[in-house]
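K.L.:
Dropping the sequence and predicted coords here.
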Amino acid sequence: MSNTLRGVVQNTGFLQGSVYGGGRTASAPKITTVTLLSSKWIEIGSNLYSQSITISGVTPNSKIDLNPSVTQLAVFHEKDLAFVVENDDGVITVWCIGQKPTGDYTMQATITEVIING
């Protein structure tokens, strides 16, 4: 059985992160930078796109939250974009709901190790 952790960026200007399935923080969060390239988005369905990213040091118990700039949030809101980060046993996928992003976005990401309640 895989443990899937998700972090969320909403286009409303508010950031929201959740640990699905329950859990608690195992250590202090780490900060890194991620880049979402416009050329890497794969259309999965109507208004649904994904791309895999690699983040050094991520484990199957890492929850990743994207922290875009205020300018990026304004662009996401204007273009009606929402992003969800999924960690499926250490494989990181960023999902985009809305139209296919046409720009490259580099932003901060917070990585939190969690203990899954079993």
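P.N.:
Done, it's in.
K.L.:
which residues in the protein form helices?
P.N.:
With DSSP state H, the ranges of helices along the chain come out as 70-78.
K.L.:
Nearest the geometric middle of it, what residue?
P.N.:
Nearest to the geometric centre of the chain sits V85, at 2.5 Å (Cα atoms, centre = their mean).
K.L.:
What count of nearby residues applies to T112?
P.N.:
20 (other Cβ atoms under 10 Å). For glycine as for every other residue, the C-beta is placed from the backbone atoms N, C-alpha and C.
K.L.:
Please apply the same query to Y49.
P.N.:
Y49 has 20 neighbouring residues, counting by other Cβ under 10 Å.
K.L.:
Check D65 too.
P.N.:
Neighbours of D65 using other Cβ under 10 Å come to 19.
K.L.:
Tell me the pLDDT of V114.
P.N.:
The per-residue pLDDT reported for V114 equals 89.
K.L.:
That should have said G23, apologies.
P.N.:
Reading off the confidence values, G23 has pLDDT 55.
K.L.:
do the one 10 residues further on as well
P.N.:
Model confidence at T33, expressed as pLDDT, equals 96.
K.L.:
That one contacts M107, correct?
P.N.:
Yes: here T33 reaches M107: they are 7.1 Å apart, a contact under Cβ atoms under 8 Å.
K.L.:
got the CA positions of stretch 36-50 in PDB?
P.N.:
The C-alpha coordinates for stretch 36-50 follow below in PDB (Å, rounded to 0.1, in the frame of the first residue of the first chain):
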ATOM      1  CA  LEU A  36       7.900  24.000 -13.300                       C
ATOM      2  CA  LEU A  37       8.700  24.100 -17.000                       C
ATOM      3  CA  SER A  38       6.000  25.000 -19.500                       C
ATOM      4  CA  SER A  39       7.400  22.300 -21.900                       C
ATOM      5  CA  LYS A  40       7.000  19.500 -19.300                       C
ATOM      6  CA  TRP A  41       3.200  19.600 -18.800                       C
ATOM      7  CA  ILE A  42       1.400  16.500 -20.000                       C
ATOM      8  CA  GLU A  43      -2.300  16.700 -20.600                       C
ATOM      9  CA  ILE A  44      -4.100  14.100 -18.600                       C
ATOM     10  CA  GLY A  45      -7.700  15.100 -19.200                       C
ATOM     11  CA  SER A  46      -9.900  18.100 -19.700                       C
ATOM     12  CA  ASN A  47      -8.200  21.000 -17.900                       C
ATOM     13  CA  LEU A  48      -5.800  18.600 -16.100                       C
ATOM     14  CA  TYR A  49      -2.100  18.600 -16.600                       C
ATOM     15  CA  SER A  50       0.800  17.000 -14.700                       C
END
